[in-house]
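Student: how would this look folded up:
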Amino acid sequence: MTSNPVESGKIQLIDMTQNDLRELGMEEVGYVRKYSVKGKPAWVLHAADGTALAVQENMPALQASLQHHDLDIVSVH
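Tutor: Just a heads-up that it's a prediction; the model follows:
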């Protein structure tokens, strides 16, 4: 059984506005949204401006994408 990185405290979530993200810059911060792709859950990594950078099936793959793009993850609403 794999643990949820958010629940286990491995990823720190902070609330930020879209304007806050723009001020931080696209090369520093990304955000993730959960979607359904062909009936299956998918996690999409976005740059601060909303550009999709990667689509992954699970959190470990998503974390690898974050590292590849040298991004930190934050919570946005």
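Student: can you point me to the longest helix in this protein?
Tutor: Looking across the chain with DSSP state H, the single longest helix is helix 59-68.
Student: what is the mean pLDDT for that one?
Tutor: Taken as a whole, helix 59-68 has an average pLDDT of 86.
Student: Could you export it as CSV, CA atoms only?
Tutor: Taking Å, rounded to 0.1, in the frame of the first residue of the first chain, the C-alpha atoms of helix 59-68 are listed here in CSV:
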residue,chain,number,x,y,z
MET,A,59,1.7,10.8,-7.2
PRO,A,60,5.2,9.2,-7.4
ALA,A,61,5.3,9.9,-11.2
LEU,A,62,4.0,13.4,-10.5
GLN,A,63,6.8,14.0,-7.9
ALA,A,64,9.3,12.9,-10.5
SER,A,65,7.9,15.5,-13.0
LEU,A,66,8.2,18.2,-10.3
GLN,A,67,11.8,17.3,-9.8
HIS,A,68,12.4,17.2,-13.5
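Student: That helix: which residues count as buried?
Tutor: Buried residues in helix 59-68, counting neighbours by 16 or more other CB atoms under 10 Å, are found at 59, 62, 63, 65, 66. From N, CA and C alone the C-beta is placed, and that goes for glycine too.
Student: elements contacting that helix?
Tutor: Applying 3 or more CB pairs under 8 Å, 6 or more residues apart in numbering; DSSP states H and E, one finds that helix 59-68 makes contact with strand 40-47, strand 52-56.
Student: What residues does residue 42 make contact with?
Tutor: Shown in contact with residue 42 (CB atoms under 8 Å, 6 or more residues apart in numbering): 34, 35, 36, 55, 56, 57.
Student: what's around the second one, how many residues?
Tutor: So the one you mean is residue 35. 11 (other CB atoms under 10 Å).
Student: One more: the last one?
Tutor: Residue 57 has 12 neighbours, counted by other CB under 10 Å.
Student: Would you check that it makes contact with residue 40?
Tutor: Yes. The pair residue 57 / residue 40 is scored as a contact, 7.1 Å apart, by CB atoms under 8 Å.
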